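K.L.:
Give me a model of this one.
(2 chains)
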Amino acid sequence: MTLNDLRKRLIRETQGQVRQHFSEKDALLSKTVLVLEDLDEIFNLQCEHARDLYSLHFPELARLVPENGLYVKIVLGLGKRENFSVEKILPFYSNSSACQHISSLSKQSMGSELDDSALREIEFLCQNAVYVLQEREELQEFVEKEARQYMPNLSEIASPLLAAKLLGKCGSLKRLAFMPSSALQLLGAEKALFRHLKEHSLPPKHGLIFQHSFVQQVPAPARGEMARSLSGKLSIAAKQDYFSKTLNAAGLKKELEARFAQLKEKKFKPKKQKPILRKELPQNARRKFFSKFRKRR
Amino acid sequence: MLQSKFSSVWTDGRKVYTQNLVPGLSVYGEKRISENGKEFREWNPFRSKLCAGICKGLKEFPFASGQKILYLGAAEGTTLSHVSDIVGKSGVVVGVDISPTVMRKLLLLAEQRENIFPLLADANQPLLYPSEIREMQFDGLVQDVSQKNQAEIFLKNAKLLKEGGFGLLAVKARSISPSLSPQKVFEGEVSKLNEMFNVIQTVPLAPFESDHLLVHCRRK
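P.N.:
A predicted model of the protein is given here:
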């Protein structure tokens, strides 16, 4: 085979390998999760601007409608203050007394008048925000559907969204499956982890796993144990997902739920913080205390 | 104007250039200049460790046109493109990288330059390279991977290098040990090479790269 033929063959093979790598769902899921997080930020930024601008005209509304999505939809739908009659607000706000309140405030607002052209710009901004919200909702559905398909067991134990986030942190399902459960437990807590390793601060107990409902619902002193149990089960689920695509997590979930129930009921002694005074320490205890600040050579 | 510093590398006293294998095209947005009917591409020592080595006083430049080079850690082909310029149409540069993301760019580069052979592979396992590559008897081995076992990877791949072939290894101290002093790390890595190589020169690359050492050696 001539060198030129070899080159052509290598290019073809490498292209095939690259294509194969990107047809796995890893890259798609990881990247869409990042998009999801950015969409949240974009939406919040747009709503801030919308509130700022529209509050020149009707400042009271900002406090009355704390929810961003609802706020921009109302501004988009109703426009100027004069349009804020109870019947018009009702489709957005089911609470009729709140609608009365908004309507009455709109008649006595301390805001200034709004040009038609200015209103148009504000409506444009609100429309964009609504589109971003819609995109975010649809993208979340997409991520959840893909995650359930690609990682059925992980999606069952953690939510599909959390599973996708873990995958995103890890890079690939293969890595996630081969990772020790202690590493999985701390995915997302890298800053705290390296601070612990280098500066000997207290170790983190959980990373992304913190978002799981079980970890959230156990009493605070039990969170570390819950995170550990959860990551153990997730580790097994990841292996199930990588090596077989069948949904097998029922037994795992049961064990996890039992553990959760156990930890929820656990009683903890209240924590007492005693300040450590240098003078009180015996000699070797003092050395031990300061050894963690001594740099390793 | 442009004077040849080493074979196939030119300088105008301030900047370093290689002669463009594919006139009219830039690879990564670098400047091109024409002189005497030839086109030259500017080589940036802040982006390429080989160029940094040249700027920092590399005495011997082992490359020549027509050579077969194995380049580990090819990435998107920034430095590799200059090696491709240097070995010319009759040369061969096999670019190895483990990441499919950067391999996409390298594949596009290979479409443009007929002396680039892209290989998506783990440099830690040269036994898994295609057999034609393993039997190629390379004239030169260039490595720029930021891995903990850099020296080990270099030695494993050195078996594909012909006797008397040259090696250019960029050692990144922080990849090997983030806490030990770079001096100690460099001494350790260079001593590992001694079993298979004679070290000709070591060039620290500061200020272009901090805590990096370029090692020029020859296979025993």
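
K.L.:
excluding its backbone neighbours, what's nearest the residue of chain B at minimum distance from chain A?
P.N.:
When scored by CB to the nearest CB, chain B has residue B:100 as its residue closest to chain A, at 4.1 Å. From N, CA and C alone the C-beta is placed, and that goes for glycine too. Distances taken as CB to CB, 6 or more residues apart in numbering or on different chains put residue A:21 closest to residue B:100, at 4.1 Å, once the chain neighbours are dropped.

K.L.:
Per-residue pLDDT of that neighbour, please?
P.N.:
Residue A:21 carries a pLDDT value of 88.

K.L.:
picking that back up, give me the number of neighbouring residues for the residue of chain B closest to chain A.
P.N.:
Residue B:100 has 17 neighbours, counted by other CB atoms under 10 Å in any protein chain shown.

K.L.:
What of the one 5 residues further on?
P.N.:
Burial of residue B:105, expressed as a neighbour count using other CB under 10 Å, amounts to 18.

K.L.:
Which element, helix or strand, includes it?
P.N.:
When secondary structure is defined using DSSP states H and E, the element that contains residue B:105 is helix B:100-112.

K.L.:
Check whether the following helix or strand past that helix comes near chain A.
P.N.:
Where DSSP H and E defines the elements, the next helix or strand beyond helix B:100-112 is strand B:116-120. Yes - applying CB under 8 Å from any CB of the partner chain, one finds strand B:116-120 in contact with chain A at B:116, B:117, B:118, B:119, B:120.

K.L.:
Quick check: residue A:72 touching residue A:126?
P.N.:
Yes - using CB atoms under 8 Å, residue A:72 is in contact with residue A:126, at 4.1 Å.

K.L.:
which neighbours do those two share?
P.N.:
Shared contacts of residue A:72 and residue A:126, defined by CB atoms under 8 Å, 6 or more residues apart in numbering or on different chains, are found at residue A:50.

K.L.:
hang on, the earlier thing: what would the residues of strand B:116-120 next to chain A look like in a markdown table with distance to residue A:257?
P.N.:
Listed next are the residues of strand B:116-120 next to chain A as a markdown table, based on distance: CB to CB, whole Å:
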| residue | distance to residue A:257 |
| --- | --- |
| B:116 | 56 |
| B:117 | 55 |
| B:118 | 50 |
| B:119 | 49 |
| B:120 | 44 |
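
K.L.:
Need the three-state assignment for the residue in chain A positioned nearest to chain B.
P.N.:
Evaluated by CB to the nearest CB, chain A has residue A:21 as its residue closest to chain B, separated by 4.1 Å. Following DSSP: H, G, I helix; E, B strand; the rest coil, we place residue A:21 in the helix state.

K.L.:
okay but it is in contact with residue B:102, surely?
P.N.:
No - Residue A:21 lies out of contact with residue B:102 (CB under 8 Å); the separation is 11.8 Å.

K.L.:
Spell out which residues are contacts of both of those two.
P.N.:
Common contact partners of residue A:21 and residue B:102 (CB under 8 Å, 6+ apart): none.

K.L.:
In contact with the residue most central in space within chain B, which residues?
P.N.:
To find the centre residue of chain B, average its C-alpha atoms and take the closest one (CA atoms, centre = their mean): that gives residue B:142, at 4.2 Å. Each residue near residue B:142 by CB under 8 Å, 6+ apart is listed here: B:50, B:69, B:70, B:71, B:72, B:83, B:167, B:168, B:169.

K.L.:
So for residue A:1, what's the nearest residue that isn't a sequence neighbour?
P.N.:
Once its chain neighbours are removed from consideration, residue A:1 has its nearest residue in residue B:132; the separation is 6.9 Å (CB to CB, 6+ apart).

K.L.:
which SSE is the one you found in?
P.N.:
helix B:131-134.

K.L.:
Same question for residue B:95.
P.N.:
Following DSSP H and E, one finds residue B:95 within strand B:92-97.

K.L.:
That strand packs against which elements?
P.N.:
Applying 3 or more CB pairs under 8 Å, 6 or more residues apart in numbering or on different chains; DSSP states H and E, we find strand B:92-97 packed against strand B:68-72, helix B:78-87, helix B:100-112, strand B:116-120.

K.L.:
Kindly present the ones you listed as TSV, with separate columns for distance to residue B:214 and mean pLDDT.
P.N.:
Converted to TSV, the helices and strands packed on strand B:92-97 look like this (distance: least, CB to CB, whole Å; pLDDT from 0 to 100):
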stretch	distance to residue B:214	mean pLDDT
strand B:68-72	14	97
helix B:78-87	12	96
helix B:100-112	22	94
strand B:116-120	22	96
